[in-house]
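Student: Give me a 3D structure for the following:
(one chain, ligands or ions: 1)
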Amino acid sequence: MSASTLIKKYSAKNDPLPTKSAGGKIKNDTGIGAAVVFNPVRDPKTGYCIEPDEDSPQRRQIEKHNRERWAHLQDYAGADAGLQNTRDPNGKYNCGDCNQVIPKIDDCWVIDLKKKLDPAKSSCRKWERTCKGDFEMNWHGSKNRISEAMSNFGTRSGGGPNEVFGCHNCPIGITSKLGKDDLGNDLYCQEADARVGDNDCCAINAAKTL
Ligand code: SF4
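Tutor: Down below sits the predicted model:
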């Protein structure tokens with residue numbers, strides 16, 4: 001049996017689709033090799049996770065683990081997960097405020113850009129907070145700089161001061177029906193299946209780009 005058939009069979013058996021409200025299920029015997037798998041409840045139409053109706057210490061533990069997963073897989077930066085120098089306290093994540101920008105030529109030390117960046121509207125998953133103690137390396141000249149595609153580089157459409165990145169500008173982050181958690185996270189990320197903060201961000205931010 002192919003891996004995709006196995007996973008489909010596993011999902012059909014264990015996914016509590018379509019809208020069970022208690023949250024996902026954690027199974028410790030998938031029968032396909034992985035030790036423990038968390039199955040979030042998903043909307044069958046969009047594929048997005050559905051936020052549970054009830055909060056609890058166990059749910060918060062799941063959310064925390066999901067944020068940590070997101071930090072590892074999607075360069076998420078939040079209050080309790082991810083590299084803190086990759087979190088923008090202003091929630092803009094613009095290249096102009098990034099430690100790795102080369103301001104006079106609108107270029108970057110680490111991403112192999114094909115065109116000039118826009119200091120007010122461009123960003124990528126490797127954004128870093130400005131810090132004089134965190135010196136950067138001149139990576140120009142290396143063939144192994146990070147490509148635009150790998151960095152999820154993008155430039156926001158529109159010209160206003162609010163056309164920035166951050167979870168507050170991402171349509172995947174919606175107002176949490178559970179309200180704020182004790183970290184101040186008030187948006188429910190339908191991909192990470194966890195509450196996130198307005199000024200957090202990750203690689204798949206879905207704000208409109210050019
Ligand atoms: S709300 Fe958007 S930017 Fe924030 S963690 Fe989720 S997908 Fe990433």
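Student: Break this protein down into its domains, please.
Tutor: Per the record, the chain has its domains at 1-50, 95-154, by automatic domain parsing.
Student: Pick out the shakiest of those, pLDDT-wise.
Tutor: When the domains of the chain are ranked by mean pLDDT, domain 1-50 comes last with a mean of 66.
Student: Give the next helix or strand downstream of the longest helix along the chain.
Tutor: Taking DSSP state H as the criterion, the chain has its longest helix at helix 57-74. Proceeding N to C from helix 57-74, the next assigned helix or strand is strand 101-102, under DSSP states H and E.
Student: So Asp186 is in contact with Ala194, correct?
Tutor: No - here Asp186 lies out of contact with Ala194, judged by Cβ atoms under 8 Å, at a distance of 12.0 Å. The way it works is simple: take the backbone N, C-alpha and C, and place the C-beta from them, glycine included.
Student: Which one's more surrounded, the two?
Tutor: Ala194 (29 against 18; other Cβ atoms under 10 Å).
Student: for that one, phi and psi?
Tutor: phi -160, psi 160 (degrees, to the nearest 10).
Student: got the residues of this protein near the ligand?
Tutor: When proximity is defined as Cβ under 6 Å from any ligand atom, the chain approaches the ligand at 70, 76, 167, 170, 172-173, 187, 189, 191-192, 196, 200-202, 204-205.
Student: Tell me the buried residues within the residues you listed.
Tutor: 70, 76, 167, 170, 172-173, 187, 189, 191-192, 196, 200-202, 204-205 (16 or more other Cβ atoms under 10 Å).
Student: got the end-to-end distance for stretch 165-172?
Tutor: Taking Cα to Cα, to the nearest Å, the first and last residues of stretch 165-172 lie 12 Å apart.
Student: Touching it from outside, list them.
Tutor: Contacts with stretch 165-172, where a contact means Cβ atoms under 8 Å, 6 or more residues apart in numbering, come from 48, 88, 91-94, 123, 156, 162-163, 173, 187, 189-191, 196-202, 204-207.
Student: how about the strands in the chain?
Tutor: Secondary structure of the chain (DSSP state E): strands located at 25-27, 37-39, 101-102, 107-108, 111-112, 122-123, 146-147, 154-155, 173-175, 187-189, 194-196.
Student: quick revisit: tell me which residues of the longest helix of the chain come out buried.
Tutor: Arg59, Arg60, Ile62, Glu63, Lys64, Asn66, Arg67, Glu68, Arg69, Trp70, Ala71, Gln74.
Student: what's it packed up against?
Tutor: strand 37-39, strand 194-196 (3 or more Cβ pairs under 8 Å, 6 or more residues apart in numbering; DSSP states H and E).
Student: Give the partner strands of the last one in its sheet and their orientations.
Tutor: What that stands for is strand 194-196. The partner list of strand 194-196 in its sheet, established with DSSP bridges, is strand 187-189 (antiparallel).
Student: next one: the first one
Tutor: Strands that pair with strand 37-39, judged by DSSP bridges, come out as strand 25-27 (antiparallel).
Student: Show the contacting residues for Tyr93.
Tutor: By Cβ under 8 Å, 6+ apart, the neighbours of Tyr93 are Ser123, Trp127, Val164, Phe165, Gly166, Cys201, Asn205.
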